[in-house]
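K.L.:
Structure for the following, please:
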Amino acid sequence: MYYEKLAKELPKDAVEESDGKVTGKGYDTKGYKYQYIVNRLNEVVGFNWSTKQEVKLINTKKAQSGREMYEYIAKVSIVITTPATGTTAGLETVRTCYGGHTSNNHGDAAKGAFTNAFKKTAALFGVGKQAYEGTIPDDDNQPPETKPYKSWG
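P.N.:
Have a look, this model is predicted:
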């Protein structure tokens, strides 16, 4: 019932990209900003959704720089409740995913793990699914010769 509205492409300003050389991950990423995903859930299902989460520190290690690094994992469930109507009780639909994040700051690592798991879980309902499909549209401002070739297949 909600899937088409939830899965509709998010606006271009929702896209966030990171440079692997800057983040230290060694690879570039492209995804959607957290708040845009929250906004889509609110717009489509109102306030009939909630999260359940567990966030845990799983590892502490020294980075090459000598700084402490904290690795967190999160388990996030999104619960969407269909309101009761007449004699029909409301129904709950639950999806759950895991995510992780490492940072030299406990708070950033915990938040990153939650956000990572939340975005993956929301994609199970269709919100931001393009990030996991690899189908986020390219920047239209690029000259044609720099845009990646996309086959018709």
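K.L.:
G112 touches Y72, doesn't it?
P.N.:
Yes. With contact defined as Cβ atoms under 8 Å, G112 reaches Y72; the gap is 7.2 Å. Bear in mind the C-beta positions are built from the backbone N, C-alpha and C, glycine included.
K.L.:
ok, and for the lowest-mean-pLDDT helix or strand in the chain, which residues are buried?
P.N.:
Taking mean pLDDT, DSSP states H and E as the measure, helix 20-23 is the helix or strand of the chain with the lowest mean score, a mean of 76. For helix 20-23, the neighbour count (16 or more other Cβ atoms under 10 Å) marks no residue as buried.
K.L.:
Please apply the same query to stretch 59-74.
P.N.:
Under 16+ other Cβ under 10 Å, the buried positions of stretch 59-74 are M69, Y70, E71, Y72, I73, A74.
K.L.:
Paired strands for the helix or strand harbouring the last one, with orientation please.
P.N.:
Right, A74. Following DSSP states H and E, one finds A74 within strand 68-82. When pairs are called by DSSP bridges, strand 68-82 turns out to pair with strand 49-62 (antiparallel), strand 91-103 (antiparallel).
K.L.:
can I get the ones you listed in JSON lines with mean pLDDT?
P.N.:
Shown next, in JSON lines, are these (pLDDT from 0 to 100):
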{"stretch": "strand 49-62", "mean pLDDT": "95"}
{"stretch": "strand 91-103", "mean pLDDT": "94"}
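K.L.:
Go through these and pick out the most buried.
P.N.:
Mean neighbour count (mean count of other Cβ atoms under 10 Å) peaks for strand 91-103 among the strands paired with strand 68-82, with a mean of 16.
K.L.:
Tell me how many other residues crowd K75.
P.N.:
17 (other Cβ atoms under 10 Å).
K.L.:
wouldn't it be in contact with A117 here?
P.N.:
Yes. The criterion here is Cβ under 8 Å, and K75 meets it with A117 at 6.5 Å.
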